[in-house]
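Colleague: Take this sequence and fold it.
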Amino acid sequence: MPRIVSIGECMVEMAPLDAPQTFRMGFAGDTLNTAWYLRQLLSEDWVVGFATAVGTDAVSDRMLGFLAAAGLDTDHVARSIDATVGLYLIELRDGERSFSYWRGQSAARRMADNPEWIDAVLRDAGLAYLSGITLAILPEAGRQNLLAALARYRLAGGRVAFDPNLRPRLWPSAQVMMASVMQAASVADIALPSFEDEAAWFGDTDPAATAARYAGAGAALTVVKNGPAPILLRQGAASLWATPDPVATVVDTTAAGDSFNAGFLAAWLAGKGPEAAARLGATLAGRVIGGRGALVEGAATGLRPGG
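Modeller: Residues are numbered from 1 along each chain as shown. All right, here's what the predicted structure looks like:
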C-alpha cells in the first residue's frame, strides 16, 4: 500500500468555546493537522502515518488513542518514560488567533536524537511531510539527523514536502531559522511557503521572489500561499496562478495553511495538476476557517480527489 508519513509534534489543544473563559480540549499540531485531513481525503489504499514521540503517561495514551481513532498509522510513534506532550491555548480576536505554548517537557523535542528511528520512519514511505516547526523544536543535533536522513531518503527515490511555517520564537535566532529552512528546502521536492511570513523574514518583494528562492534551493514545485489572494505555483521555470474562492465567514484561522497543504498534497498524489490541487487545498482551507479549532469535523466531506 502507498504510504505517506507526516513528521512532527502533536500537542494538547485548548480551543475557545462560545462561553467566556471556556475551552475544549483536543489534540492538534501543524503536521498532525495535515495528516488528519489527508487521511480523510485519500482513499483507503493509502496508509497515512504520523511520526512523533510522546510520553508514557495518561494524556500520551489518550493522544495515541485519538490518532488511532482518526485512522492514522502510529507504528512510528516513539515513547519516553521521562517526558510527556506539549500543550497550547488558542485565543481569538475577530477570527484571528494567537497562541500560548507549554512544551518544555515535550517528548517530541527528542524524537530525532536516534538516526535509526528516523530511517525506520522513512522506510517504504512514498512521501515524507514536515514543517519548519518540526525543525524548530529539535536541538541542533536532532535537526541535522533529520535533514541528513531526508537527504538520503530523497536520493533513494523518496519525495519530500516541506512547509516552512516560520515561527521565530521557537528558534534560537532568526539567522538559525532562515538557514535551517533553506537547508530543508534543499531536500524538498515540494515547498509550501506563505508569502506574508517569507516577506517578513527573507525580505521577498512578491510571491514570485519567494517561489524563485525555493526553486533555487532545489524544490521542483513551489506553492506560495498568500491568504485570500491568488496562489502562485512554480514548477521548473513555469509559473501560474490559482485564485481561491472568497470565504464568506471566517471564525478561526487555525490550521488554514495545514489544511490547504493536505488538500493540495491529496490532489497531487491523486495525479491532479498543480492548479487543480491548489483549488482543492483552498476549498478545504475555506471550510476549516469557518469552524473552530484546528480539526473541523466534516470539513473534507465530498472533497476526496477523484470522488
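Colleague: What ranges in the stretch 1-150 of the chain fall below the confidence cut-off?
Modeller: By pLDDT under 70, the weakly predicted segments of the stretch 1-150 of the chain are 95-97.
Colleague: Going along the chain, name the helices of it.
Modeller: Using DSSP state H, counting those that start in this stretch, the helices of the stretch 1-150 of the chain run over residues 30-41, 58-69, 115-122, 132-136, 140-155.
Colleague: Using the three-state scheme, assign R287.
Modeller: helix (DSSP: H, G, I helix; E, B strand; the rest coil).
Colleague: For it, the count of nearby residues, please.
Modeller: Burial of R287, expressed as a neighbour count using other Cβ atoms under 10 Å, amounts to 19. Using the backbone N, CA and C atoms, a C-beta is placed for each residue, glycine as well.
Colleague: ok, it - contacts?
Modeller: Contacts here follow Cβ atoms under 8 Å, 6 or more residues apart in numbering; on that basis R287 touches 259, 296, 299-300.
Colleague: Apply 7 Å and report the result again.
Modeller: Taking Cβ atoms under 7 Å, 6 or more residues apart in numbering as the definition of contact, the neighbours of R287 are 296, 299.
Colleague: sorry, back to before: please identify the deepest-packed of the helices of the stretch 1-150 of the chain.
Modeller: Scoring the helices of the stretch 1-150 of the chain by mean neighbour count under mean count of other Cβ atoms under 10 Å gives helix 30-41 as the most buried, with a mean of 27.
Colleague: residues touching R24, list them.
Modeller: By Cβ under 7 Å, 6+ apart, the neighbours of R24 are 15, 17.
Colleague: Give me the residues contacting stretch 169-184.
Modeller: Outside of stretch 169-184, the residues that reach it under the criterion Cβ under 7 Å, 6+ apart are 132-133, 135-137, 143, 147, 162, 164, 166, 168, 201-202, 217.
Colleague: if we can go back for a sec, now render the helices of the stretch 1-150 of the chain as a markdown table, adding distance to L233.
Modeller: Shown next, in a markdown table, are these (distance: least, Cβ to Cβ, whole Å):
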| stretch | distance to L233 |
| --- | --- |
| helix 30-41 | 18 |
| helix 58-69 | 31 |
| helix 115-122 | 26 |
| helix 132-136 | 20 |
| helix 140-155 | 21 |
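Colleague: of all those helices, which lies closest to P228?
Modeller: Smallest distance to P228 across the helices of the stretch 1-150 of the chain (Cβ to Cβ): 19.4 Å, for helix 30-41.
Colleague: Which neighbouring elements make contact with the closest one?
Modeller: Using 3 or more Cβ pairs under 7 Å, 6 or more residues apart in numbering; DSSP states H and E as the contact definition, the elements that helix 30-41 packs against are strand 3-7, strand 47-54, strand 127-131, helix 256-269.
Colleague: just the angle between the third one and strand 47-54, please?
Modeller: Looking back up the chat, that one is strand 127-131. Calculated by axes from the mean of the first three to the mean of the last three Cα atoms, to 10 degrees, strand 127-131 forms an angle of 40 degrees with strand 47-54.
Colleague: neighbouring contacts of strand 127-131?
Modeller: Contacts of strand 127-131 with the rest of the structure, by Cβ under 7 Å, 6+ apart, involve 4-8, 30-31, 34, 122, 150, 153, 158-163, 165, 265, 269.
Colleague: now do the same end-to-end measure for stretch 247-265.
Modeller: Taking Cα to Cα, to the nearest Å, the span from the opening residue of stretch 247-265 to its closing residue is 21 Å.
Colleague: buried residues in it?
Modeller: 247, 252-265 (16 or more other Cβ atoms under 10 Å).
Colleague: what's the answer for stretch 299-307, then?
Modeller: Of all the residues in stretch 299-307, those buried under the rule 16+ other Cβ under 10 Å are 299-300, 303, 305.
Colleague: Pick out whichever of these sits closest to A70.
Modeller: Taking Cβ to Cβ as the measure, A70 lies nearest A300 of these, at 11.9 Å.
Colleague: Tell me which residues touch V12, please.
Modeller: Listed by Cβ under 7 Å, 6+ apart, the contact partners of V12 are 25, 27, 59, 85, 87.
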